[in-house]
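Chemist: Only the shape, not the letters, is given here:
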């Protein structure tokens, strides 16, 4: 959803006072940013929707910083392990996020903006007024045109008329919406849907599960010994399996290892090694090693 914020013309950029720390920068304030065009990007590092927008945000940072644009990433976690500043720092380096990052593990900045989405972009003019917003993927031309317009309003000369050209690869590749037939699926009991393993004996305690002979589209099941938690499923023994019938070009899974050490895992598609269709974290045989969330 994109919105030129006429109704919000007098809505000023909230502060970042609730941030518990900063990466790539000293703490920034709305007062210190006056005179700059500011693009605030809410993200969390495992969000595939945000990852597919990252190439554009990175390109705008590179293209317009010298002309007065300041990009601020606000990292507000979806999962508990994303609250860890070391994990965020590692992800920022791995994903080449080198603009200022406000750490928002307590959602204080999120609430100050009255935000509800990952990703979400807020663009403020040199007076600190929010003039453009976009929620979710897409809207790249509108966002960049807003940046160009607001930079010109400051009197900046030589603001480019062209648009950034971004060819995302890997996790940053744009979604194939035409073949996407599977939704985001949570594997915990609070938000989980379409779970079809054997009857659940109880939550938050170990239990043996089995996979039905056949799964319908978007159904998922477990086999082996697992514990269902509010926001995740935890495998308790080796050889545990997660099965999911999906329809999409890509499938992404958020996983984390035990507190210490690493875990080997294997991915198969229709019971066979993925071959050339393997993802970035596994080889052609589907083998991978998980050493951090």
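Modeler: Perfect, I can see it now. Just so we're clear, the structure is a prediction, and the values are computed from it rather than from any experiment.
Chemist: Distance check, the residue nearest the centre of the chain against residue 184.
Modeler: In the chain, the residue lying closest to the centroid (C-alpha atoms, centre = their mean) is residue 47, at 2.2 Å. Residue 47 is 10 Å from residue 184, where distance means C-beta to C-beta, to the nearest Å. All C-beta spots, glycine's among them, are computed from the backbone N, C-alpha and C.
Chemist: And residue 85, by the same measure?
Modeler: If you measure residue 85 against residue 184 using C-beta to C-beta, the figure is 26 Å.
Chemist: Among these two, which residue is more densely surrounded?
Modeler: Neighbour count, other C-beta atoms under 10 Å: between residue 85 and residue 184, residue 85 has more, with 13 against 9.
Chemist: Model confidence for the more buried one, exactly?
Modeler: Looking at residue 85, its pLDDT is 97.
Chemist: Residue 18 is in contact with residue 105, isn't it?
Modeler: No. Applying C-beta atoms under 8 Å as the test, residue 18 and residue 105 come out as separate, 9.6 Å apart.
Chemist: which is the next helix or strand following the helix or strand bottoming out on mean pLDDT in the chain?
Modeler: Within the chain, no helix or strand scores below strand 2-4, which has a mean of 45 by mean pLDDT, DSSP states H and E. Using DSSP states H and E, the helix or strand that directly follows strand 2-4 along the chain is strand 21-23.
Chemist: Flag every buried residue along that next one.
Modeler: residue 23 (16 or more other C-beta atoms under 10 Å).
Chemist: got it, and stretch 38-53?
Modeler: 38-48, 50-53.
Chemist: in a strand, that's where residue 111 is, yeah?
Modeler: No. Residue 111: not assigned to a strand; according to DSSP: H, G, I helix; E, B strand; the rest coil it is helix.
Chemist: Could you report the neighbour count for it?
Modeler: Using other C-beta under 10 Å, the number of residues around residue 111 comes to 13.
Chemist: list the contacts for it?
Modeler: For residue 111, the contacting residues are residue 18, by C-beta atoms under 8 Å, 6 or more residues apart in numbering.
Chemist: so what pLDDT did it get?
Modeler: In this model, residue 111 is scored at 98, pLDDT.
Chemist: Low-confidence regions, the stretch 1-150 of the chain specifically.
Modeler: 1-10 (pLDDT under 70).
Chemist: That one: strands as residue ranges?
Modeler: With strands called from DSSP state E, counting those that start in this stretch, the stretch 1-150 of the chain shows them at 2-4, 21-23, 37-43, 69-75, 101-103, 120-124, 130-135.
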